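[1] Attaching a predicted model along with its sequence, questions to come.
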Amino acid sequence: MRVPGDKERVPSPTTAGTASLPVSPSSSLKQERVYRILRENIAAGRYGPGFRLVIDRLAREYGLSAIPVREAVRRLEAEGLVSYAQHVGFQVMELDDGALAEVLEALAPLEAWAVATAAPRLRSDDLARLRLLAREQIEALEGADMISYGRLERRFHEVLLEPLPNVYALDVLGRMYDRLDAIRPRLYTFIPGRARPGIQEHFRLLEAIFERGPRPVLERLVREHRERTRDAIMHASAGNATTVGRETF
């Protein structure tokens, strides 16, 4: 697949000092395009956990030199979506159950504060969009389309936070959402019973926002939404460990 508008090629580095050369606007634009394509593929589950990101192969696919591709992959590595291992190379990060639970544990209080802060600024058309997203989640779930379900899950929370005036909190939350995106397509196969209650919690939160519920109520609903997912993961993990232990004996 070729990135639109990227017919020309950027010269490959030939000396150790090349890395210090200034990045041209054209190179920066290419890096940004590749970064967005790679992140979208990770978020959609097309590049699942453990998928190898081979720089030269991706460069050929996008019709570019290795430079902007490597820069894009390094950026994903800095965001925690990609890891590097010697003799393996770059690959999409695999979060274990404990790491995923830690992400949700850290996310819960910050997101609770952010939603409670943004909620009074949500307009009627925002609430209508949120209800539509929740209904589309039901349709995706009934159609067993968990990739769409995960995309809608993230979009629901993003729309909730659109009025938040704190750009720093939005940046941190966006990075946490990125970490969840790396495993979201397989999350609900690991805890299949969690998807439908999660949608019901979305509707309860929207009802509380529409009724201008007090801040502590909104914070509790958001925090419990994330904590219940965390608890479901830990419960499923403990169940798997028990099963493995029994089979061992």
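    Right, received. Where do you want to start?
[2] average model confidence for the helix or strand hosting residue 227?
    Taking DSSP states H and E as the criterion, residue 227 maps to helix 215-248. Per-residue pLDDT values across helix 215-248 average out to 77.
[3] Enumerate the positions of it that are buried.
    Taking 16 or more other C-beta atoms under 10 Å as the basis for neighbour counts, the residues of helix 215-248 that come out buried are 218-219, 221-230, 232-234, 236-237. Any C-beta I mention is one placed from the backbone N, CA and C, and that applies to glycine too.
[4] Surely residue 73 is in contact with residue 37?
    No - between residue 73 and residue 37 there is no contact, the gap being 11.4 Å when judged by C-beta atoms under 8 Å.
[5] so what's the backbone phi/psi at residue 89?
    Here the main-chain torsion angles of residue 89 (degrees, to the nearest 10) amount to phi 100, psi -160.
[6] which one is it nearest to, not counting chain neighbours?
    Counting by C-beta to C-beta, 6 or more residues apart in numbering, residue 52 is the residue found nearest to residue 89 once chain neighbours are left out, at 5.9 Å.
[7] who does the one you found bridge with?
    Listed by DSSP bridges, the beta-bridge partners for residue 52 are residue 91.
[8] And it, how far from residue 105?
    Between residue 52 and residue 105 the distance is 30 Å, computed by C-beta to C-beta, to the nearest Å.
[9] Spell out which helix or strand contains residue 84, please.
    When elements are defined using DSSP H and E, residue 84 is found to belong to strand 82-85.
[10] Can you mark which positions in that strand are buried?
    Buried residues in strand 82-85, defined by neighbour count with 16+ other C-beta under 10 Å: 82-83.
[11] and that strand, which strands flank it?
    Using DSSP bridges, strand 82-85 pairs in its sheet with strand 89-92 (antiparallel).
[12] Heading C-terminal from the strand it pairs with, find the next helix or strand.
    Under the assignment DSSP H and E, the closest C-terminal helix or strand after strand 89-92 is helix 97-118.
[13] residue contacts, the nearest residue in space to residue 222 that is not next to it in sequence?
    Using C-beta to C-beta, 6+ apart and skipping residues adjacent in sequence, the residue nearest residue 222 is residue 112, 4.2 Å away. Residues near residue 112 by C-beta atoms under 8 Å, 6 or more residues apart in numbering: 218-220, 222-223, 226.
[14] repeat for residue 104
    Shown in contact with residue 104 (C-beta under 8 Å, 6+ apart): 180, 226-227, 229-230, 233.
[15] redo that, cut-off 10 Å
    In this structure, residue 104 makes contact with 111, 176, 179-180, 225-234, judged by C-beta atoms under 10 Å, 6 or more residues apart in numbering.
[16] cool, residue 52 as well?
    Taking C-beta under 10 Å, 6+ apart as the contact definition, residue 52 lies against 85, 88-92.
[17] One more: residue 39?
    With contact taken as C-beta under 10 Å, 6+ apart, residue 39 is in contact with 47, 72, 75-76, 79, 81-82, 178, 181-182.
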